[in-house]
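> fold the stuff below for me.
(one chain, ligands or ions: 1)
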Amino acid sequence: MGLTYKDTDPVRLSDDRSAVIVLDQTKLPNEVSHLSISGVQEMYDAIKSLAVRGAPCIGVFAGYCVAVLAGRYANEGMSAEDAFMMLGENASYLDTSRPTAVNLSWALKRQISVAESCREKGLSAADMAEKLCAEAVAIHEEDIDMCRRIAEYGLSLLHDGDGILTHCNAGALATTRYGTGLGPILLGKEKGYEFHVYSDETRPLLQGARLTAYELVRAGVDETVICDNMASLLMKQGRIQAVLVGCDRIAANGDTANKIGTSGVAILAKYYGIPFYVLGPYSTIDMSTPTGDNIKIEERDPEEIRSMWYEHPMAPAGAECYNPAFDVTDHSLITAIITDRGILRAPYTESIAFAVKEKR
Ligand code: MRU
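The predicted model follows:
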């Protein structure tokens with residue numbers, strides 16, 4: 001079965017550029033439906049509710065959001081100066097929707113600096129909107145290209161027949177096209193490799209069961225969904241030869257934030273001597289964050305644990321639930337960080353600094 005991306009492209013611009021069309025990931029795998037998003041509050045809500053999710057994908061979405069808003073301000077006859085002010089406010093607001101993935105603020109900053117240079121050059125609001133649209137498309141295309149390169153580097157570390165464990169969803173739904181953590185697997189499938197992939201279901205929002213399994217089944221990859229607490233047993237049984245995960249923010253020393261539960265998988269992999277690979281684009285590296293201790297961890301609604309996926313609540317009404325959405329994997333547990341700029345290894349402070357400085 002070949003890979004098709006037509007209806008799994010998570011984000012695109014509408015033909016008239018007045019809206020961002022988003023594949024609503026909260027409905028998968030049971031329903032493929034799209035949202036047409038044009039207002040700043042809807043944009044914020046789409047990120048917060050995880051209709052659009054996955055660090056790189058949130059970045060691509062944010063780029064299009066700024067372009068759509070700029071187009072609207074131009075159509076309303078706003079001056080470039082006023083449009084710039086409004087876009088700055090909108091970007092600051094969108095940036096508060098989710099704190100952990102750095103790609104959101106990275107894409108917003110990139111768009112605001114384009115808007116600023118348009119203003120400095122005295123361009124009209126319409127020209128500003130045009131440039132922002134082109135930049136959003138560039139962010140999107142770069143993401144596709146980065147994913148492809150990550151997939152190629154990652155595949156070079158795997159062997160035909162490997163059993164691979166993944167956590168959360170770092171596939172085409174979380175990026176654009178191949179994905180990061182799933183990239184080598186999907187590319188490998190195209191090249192004739194046969195992997196067996198175990199997807200942690202990823203409590204509490206089940207991105208592994210709902211989204212990773214959805215992508216792998218569609219791609220014809222052998223896969224098995226497991227509960228998060230089964231990984232240790234599978235490792236002991238010798239079923240796992242490598243762990244591949246995505247990332248939401250990589251600190252300058254290599255500490256990496258990813259979906260809650262990732263650090264536990266890394267600790268298990270170290271114990272069993274299984275390589276633990278983190279895959280992400282260079283835009284996920286945040287040199288202004290020295291270590292994982294400086295990464296802000298998003299806390300989400302306790303109802304996601306208590307009642308969200310069940311007909312009846314699974315914890316009593318009075319029970320406290322704590323719902324951190326991410327954790328930080330210490331760099332000492334990471335075998336390699338696979339980026340579009342190459343495979344980075346310890347000492348990460350040096351390899352990361354080198355990769356970031358590299359001219360493109
Ligand atoms: O809360 P989510 O679903 O946005 O979390 C996603 C992850 O943790 C992914 O592993 C990460 O963003 C990398 S996606 C290529």
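
> please count neighbours and contacts with C-alpha atoms only from this point.
Noted.

> anything in the longest helix along the chain near the ligand?
Across the chain, the longest stretch assigned as helix under DSSP state H is helix 125-155. No - Helix 125-155 is not in contact with the ligand by CA under 6 Å from any ligand atom; minimum separation 8.9 Å.

> C-terminal to that helix, what's the next element?
Remark: after helix 125-155, the chain's next helix or strand is strand 163-166, criterion DSSP states H and E.

> chain center to that next one: distance?
Relative to its parent chain, strand 163-166 has a centroid offset of 18 Å by CA atoms, centre = their mean, to the nearest Å.

> do it and the ligand come into contact?
No - using CA under 6 Å from any ligand atom, strand 163-166 stays clear of the ligand, with a minimum separation of 9.1 Å.

> now that strand: buried residues?
Neighbour-count burial for strand 163-166, counted by 16 or more other CA atoms under 10 Å, picks out Gly163, Ile164, Leu165, Thr166.

> just the closest of those residues to the ligand, please.
Checking those against the ligand with CA to the nearest ligand atom, the nearest one is Thr166 at 9.1 Å.

> residues contacting the closest one?
The contact partners of Thr166, by CA atoms under 8 Å, 6 or more residues apart in numbering, come to Gly181, Leu182, Val197, Tyr198, Ser199, Asp200, Gly208, Val243, Leu244, Val245.

> and the gap between it and Glu298?
Look at Thr166 and Glu298: by CA to CA, to the nearest Å, they are 21 Å apart.

> how about Arg239: what's its closest non-neighbour residue?
Distances taken as CA to CA, 6 or more residues apart in numbering place Gly163 nearest to Arg239, at 5.7 Å, with adjacent residues excluded.

> re the thing from before, can you tell me which of the contacts of Thr166 end up in helices?
Nothing among the contacts of Thr166 maps onto helices, per DSSP H.

> next, count neighbours for Tyr271.
A count of nearby residues for Tyr271, using other CA atoms under 10 Å, gives 13.

> same question for Asn229.
Neighbour tally, Asn229, other CA under 10 Å: 14.

> is it located within a strand, as I assumed?
No - under DSSP: H, G, I helix; E, B strand; the rest coil, Asn229 sits outside any strand and is assigned helix.

> how about the residue lying closest to Ala19 once chain neighbours are set aside, what does it touch?
Using CA to CA, 6+ apart and skipping residues adjacent in sequence, the residue nearest Ala19 is Ser38, 4.5 Å away. Taking CA under 8 Å, 6+ apart, we find Ser38 in contact with Ser18, Ala19, Val20, Cys65, Val68, Leu69.

> any chance you could map the strands in the stretch 251-360 of the chain?
Counting by DSSP state E, counting those that start in this stretch, residue ranges of the strands within the stretch 251-360 of the chain are 256-259, 276-279, 285-286, 326-329, 336-339, 342-344.

> dump those strands into a markdown table; add mean pLDDT and mean neighbour count as well.
As requested, these are exported to a markdown table (pLDDT from 0 to 100; neighbours: other CA atoms under 10 Å):
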| stretch | mean pLDDT | mean neighbour count |
| --- | --- | --- |
| strand 256-259 | 98 | 27 |
| strand 276-279 | 98 | 26 |
| strand 285-286 | 95 | 24 |
| strand 326-329 | 98 | 24 |
| strand 336-339 | 98 | 26 |
| strand 342-344 | 97 | 19 |
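
> as CSV, those strands with distance to Glu89 would be great.
What follows is the strands of the stretch 251-360 of the chain, written out as CSV (distance: least, CA to CA, whole Å):
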stretch, distance to Glu89
strand 256-259, 27
strand 276-279, 32
strand 285-286, 23
strand 326-329, 27
strand 336-339, 32
strand 342-344, 36
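
> and of those, who's closest to the ligand?
The closest of the strands of the stretch 251-360 of the chain to the ligand is strand 256-259. By CA to the nearest ligand atom, the value is 3.6 Å.
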